[in-house]
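Q: okay, predicted coordinates and the sequence, questions at the end:
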Amino acid sequence: MERFIEKIISILEKKTIIKNVFSVPKDSFKTEKFQKEVDRIPRYKNQYISDIDSYIEYFEKHFPEDFKSTDEYSDLHNLIINDPVCKFDDASLYEVAYCKILMLLYVVQGYIEIDYSKEKISKYSNSYFRGQSNYNYGLLPSLYRDLKYDGVIDYKNLDQLYKATPFFNKYSQHIEHVSNINYSFLAFIQHAVAYSPFLDFSEDLNIALVFASTSEGKNYNSYLQTDAGLYSFHPHETITLTENIDNIIREHNVQYCSKRLTYTSKIFGKPLLECDINDFNVELYSFTSPTNDRMKYQKGVFLYFKKCVIVNKELFFPYSCGYITKSKIPCKANSKKATVISSCKEDIYNEIVSKNPSLDISHLMNPYQAFSEYTR
């Protein structure tokens, strides 16, 4: 049984997000603290085994077909074949409960790390793209990046949080009078000061690549030594804007944990040992109507996570909600180590802008500048 646990842990340790959200010491299930937590919850060993079995079925069903050749899929798939769940029969209640937590966190993380290949990524339709200058940055709306809070953030909390900021009154005085936060306010704040529950994506892969590979506003030496990241979001179904945006925002419901999970952590008030996949599911909306000219020029899309779980600056995204690929775009210092791409992020930027000067980062950030050049 312990060999099975060690194999699961070794697979988990390959995933950056798992290391960030949960500490997985191999002997934790032997500790008195953990055993007391298990004993406190009235669940039987067979119930935990049933949970693990359902997580395996979930993983097999929802993991994207196009990526079943990756190590991420084959590692767990082979483990399941070689060590079927029936081997839990000889395990203790505490061992099975511990494995339940590990398997749950694995199947709800929803990110697939792949080598960068523009040809492979661009073939997917109905996809949105996001470029980030540092590969190690997580996929997280700006509101939550430096938030000092633990607990559930509902609309009331969200409203109070914004009303405590100086820019709420300024917006209400000079842009549009609002008594409570709404979509117009959040969209304006996202592009004005980058402090909203929205994530900027683009329908154009090249635009995302420009944001990932640009050196604009960065120390150039640091830029040359930092790998960039490209996120590609592939929804199972096309998600569209509903008519009542403000009503959606009023249903805001986010579980935010500033630190890594422990055995005693709770997700929406439920102990981690009792949680299931549904507790980590997201409710996601895409707002495609441009709120300003810059968003229009960038072919921008706001992704809004009305319900989600965020732990230690990592956002969970179960495979049943779609899937997200993350690719590393190497800096010049690391470009020779890349397995697929032959050029670095500086080359990518120069290639895109040379073919389409309108995608220069200065134009993307200020489309008026792009048009003013035609009048000179």
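A: Alright, I've got the coordinates.

Q: quick one: contacts of stretch 359-376?
A: Around stretch 359-376, the neighbours that count as contacts under C-beta atoms under 8 Å, 6 or more residues apart in numbering are 206-207, 210-211, 214, 216, 293-294, 296-298, 352-353, 357-358. Glycine gets a C-beta too; all of them are placed from N, C-alpha and C.

Q: swap the cut-off to 7 Å and go again
A: Applying C-beta atoms under 7 Å, 6 or more residues apart in numbering, the external contacts of stretch 359-376 come out as Asn206, Ile207, Val210, Thr214, Glu216, Asp293, Arg294, Tyr297, Gln298, Ile352, Val353, Ser358.

Q: where do the helices sit along the stretch 251-376 of the chain?
A: Counting by DSSP state H, counting those that start in this stretch, the stretch 251-376 of the chain has helices at residues 277-280, 293-297, 345-355, 361-365, 367-372.

Q: need the ones you listed in JSON lines with mean neighbour count, mean pLDDT and distance to Ile153, can you?
A: Rendered in JSON lines, the data for those read as follows (neighbours: other C-beta atoms under 10 Å; pLDDT from 0 to 100; distance: least, C-beta to C-beta, whole Å):
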{"stretch": "helix 277-280", "mean neighbour count": "17", "mean pLDDT": "94", "distance to Ile153": "16"}
{"stretch": "helix 293-297", "mean neighbour count": "16", "mean pLDDT": "89", "distance to Ile153": "25"}
{"stretch": "helix 345-355", "mean neighbour count": "18", "mean pLDDT": "90", "distance to Ile153": "34"}
{"stretch": "helix 361-365", "mean neighbour count": "18", "mean pLDDT": "90", "distance to Ile153": "30"}
{"stretch": "helix 367-372", "mean neighbour count": "13", "mean pLDDT": "77", "distance to Ile153": "33"}
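
Q: make a markdown table out of those and add distance to Asn169.
A: Shown next, in a markdown table, are those (distance: least, C-beta to C-beta, whole Å):
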| stretch | distance to Asn169 |
| --- | --- |
| helix 277-280 | 36 |
| helix 293-297 | 24 |
| helix 345-355 | 39 |
| helix 361-365 | 26 |
| helix 367-372 | 28 |
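
Q: on the three-state scheme, Tyr137 is what?
A: Under the three-state scheme (DSSP: H, G, I helix; E, B strand; the rest coil), Tyr137 adopts coil.

Q: excluding its backbone neighbours, what's nearest Asn253?
A: If you skip the residues right next to it in sequence, Asn253 has Lys307 as its closest partner in space, 4.7 Å away by C-beta to C-beta, 6 or more residues apart in numbering.

Q: these two touch, right, that neighbour and Glu283?
A: Yes: counting by C-beta atoms under 7 Å, a contact exists between Lys307 and Glu283, whose distance comes to 4.0 Å.

Q: pretty sure Ile112 is touching Lys68, no?
A: No: between Ile112 and Lys68 no contact is recorded; they are 10.4 Å apart, counting by C-beta under 7 Å.

Q: more neighbours: which of these two?
A: Ile112 (20 against 12; other C-beta atoms under 10 Å).

Q: and the residue nearest to Asn253, what does it touch?
A: Contact partners of Lys307, counting by C-beta under 7 Å, 6+ apart, are Asn253, Val254, Val282, Glu283.

Q: I'm done for today, thanks for sticking with me.
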